[in-house]
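**Q** what's the 3D shape of this:
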Amino acid sequence: MKGDVLRPKVEKMETAQLYQGLTFLAYSTGVIVILVGVMLVKVLFDVSKLTKNLDETATIIKTELEPTLKNLNKSVEIVSGIIIKADEGVQKVRNFISKTPLKLFGQLSSFAGKATGGFFKGLCSAFTMFSKR
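**A** Below you'll find the predicted structure:
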């Protein structure tokens, strides 16, 4: 009989502790949800700010890069024209040399170089032959 009287008090105590635990859990969950919400708002604000900065940077780069690319394109055209004119000039000189006696002089100097090389080789072999005797 005595055990039956104590049982309702124990059950009331366990129920009260259960309610206390659930209340604490509800409050702590609410606080965590509020903190996460605040952090999420902060992150979204920072991402918005970053997006604006990236957009401004892209605009600045675009405005600065367009004139630079135009100048570079003009420079390339000028250099290309100079190279084409120089190539035409070299071709004219080659054609002129091929039509004049200077062509023979160029071939003569090539022949003289070969002959001189042969002469010195023969001279060296003659010295070698005479030095052995």
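**Q** any idea how far residue 67 lies from residue 73?
**A** 11 Å (Cβ to Cβ, to the nearest Å). Placement of C-beta: from N, CA and C, glycine included.
**Q** kindly report the same for residue 30.
**A** Residue 30 is 63 Å from residue 73, where distance means Cβ to Cβ.
**Q** where does residue 122 sit, in terms of helix or strand?
**A** Per DSSP states H and E, residue 122 falls inside helix 102-132.
**Q** tell me the mean pLDDT for that helix?
**A** What helix 102-132 shows for mean pLDDT is 65.
**Q** averaged pLDDT, the longest helix seen in the chain. What do you get?
**A** Counting by DSSP state H, the longest helix found in the chain is helix 2-99. Averaging pLDDT along helix 2-99 yields 87.
**Q** and that helix, how far from the chain's centre?
**A** 19 Å (Cα atoms, centre = their mean, to the nearest Å).
**Q** and that helix, what does it pack against?
**A** Applying 3 or more Cβ pairs under 8 Å, 6 or more residues apart in numbering; DSSP states H and E, one finds that helix 2-99 contacts no other helix or strand.
**Q** go with 10 Å
**A** Other helices and strands packing on helix 2-99, by 3 or more Cβ pairs under 10 Å, 6 or more residues apart in numbering; DSSP states H and E, are helix 102-132.
**Q** just give the number of residues close to residue 125.
**A** Residues contacting residue 125 under the criterion other Cβ atoms under 10 Å number 10.
**Q** what about residue 81, distance to residue 67?
**A** With the distance defined as Cβ to Cβ, residue 81 ends up 21 Å from residue 67.
**Q** same check, this time on residue 51
**A** For residue 51, the distance to residue 67 - Cβ to Cβ - is 26 Å.
**Q** and for residue 47?
**A** Distance, residue 47 to residue 67, using Cβ to Cβ: 32 Å.
**Q** with residue 40 instead?
**A** Distance, residue 40 to residue 67, by Cβ to Cβ: 43 Å.
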